[in-house]
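S.K.: Build me a model from this:
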Amino acid sequence: MQHNQVKPYQKSDATKKEEVTSMFDRIAPFYDLLNGVLSAGIDTLWRRKAIKTVQTRNTDLAILDIATGTADLALEANKQLDAKEIIGLDISQKMIDIGNKKIQKKGLDNTIKLELGDSENLHYDTGYFDVVTAAFGVRNFGDLKKGLSEMHRVLKPGGEMIVLEFSRPTIFPFKQMFNLYFKYILPLIGRFTSKDPRAYSYLYESVQVFPDYDKFGEILKDIGFKQVKWRALSLGICTIYHSVK
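M.R.: Numbers count the residues shown, from 1 in each chain. So this is what the prediction gives:
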């Protein structure tokens, strides 16, 4: 099964992009709560570690957070890095609305701006950003290489890209426990909380077909990224990929 053939609702007349947009619009009100519950709060730690891998620590950084969702990674970037501008881009307006409330609550309206847009067709100038990030978003691209190529294009030469993404644990018996949890228990929790069990079945399916670890590293190199490194977190539940343009 190819990466881009897995769609949330598997409707033959809809593109993956359309289905992903619809899915996130539906689960937006429950997204943060479920993330925290399902990962036992460890997703916050993953984001913190991801931003810590950014080596560019000079002042006035321009940062783009792709598939920003409710802006958690953008907020973490603001906390750790000296940024003059952070733009969070997402395909779901309802996720952005929730993210904007968080940003306003923290009084960061002047630093973090959230925009509705398509990661595979970025409207930003070539070589504009110092850092481009994405947490749990590239797995949902309709065209993975196109989305990553766009992220590469908008980076300055020498700029860094940080991708945080789910991966498949390889260690016995954790691998088996993880699959059991993701495949059966997660959709059950999703059914009672978000009223959209398919969203959480899709999570499992999309992780299963995503090219993780070295395979993803090879895709990044093919696109033109250099110094590609990856580090598995929490026994391989997710992985940080760091690369340079």
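S.K.: List the buried residues in the one helix or strand in the chain whose mean pLDDT sits lowest.
M.R.: Here the helix or strand of the chain ranked lowest by mean pLDDT, DSSP states H and E is helix 186-193, holding a mean of 77. For helix 186-193, the neighbour count (16 or more other CB atoms under 10 Å) marks 186, 187, 190, 193 as buried. C-beta here means a position set from N, CA and C on the backbone, and glycine is covered the same way.
S.K.: ok, the residue nearest to the first one when sequence neighbours are not counted - contacts?
M.R.: Right, the one you point to is residue 186. Of all residues not flanking residue 186 in the chain, residue 200 sits nearest, at 4.7 Å (CB to CB, 6 or more residues apart in numbering). Taking CB atoms under 8 Å, 6 or more residues apart in numbering, we find residue 200 in contact with 186, 187, 189, 190, 191, 194.
S.K.: ok so, going back, and which of the buried residues of helix 186-193 is nearest residue 17?
M.R.: residue 190 (21.3 Å; CB to CB).
S.K.: Isn't that closest one up against residue 202?
M.R.: No. Using CB atoms under 8 Å, residue 190 makes no contact with residue 202, being 9.7 Å away.
S.K.: buried stuff in the lengthiest strand in the chain?
M.R.: Of all the elements of type strand in the chain, the one with the most residues (DSSP state E) is strand 155-166. Buried residues in strand 155-166, counted by 16+ other CB under 10 Å: 155, 156, 159, 160, 161, 162, 163, 164, 165, 166.
S.K.: Give me the lowest-pLDDT entry from those.
M.R.: Across the set of those, residue 166 stands lowest in pLDDT, at 93.
S.K.: How much space separates it from residue 12?
M.R.: 26 Å (CB to CB, to the nearest Å).
S.K.: burial measure for residue 168, as a count.
M.R.: Residues contacting residue 168 under the criterion other CB atoms under 10 Å number 17.
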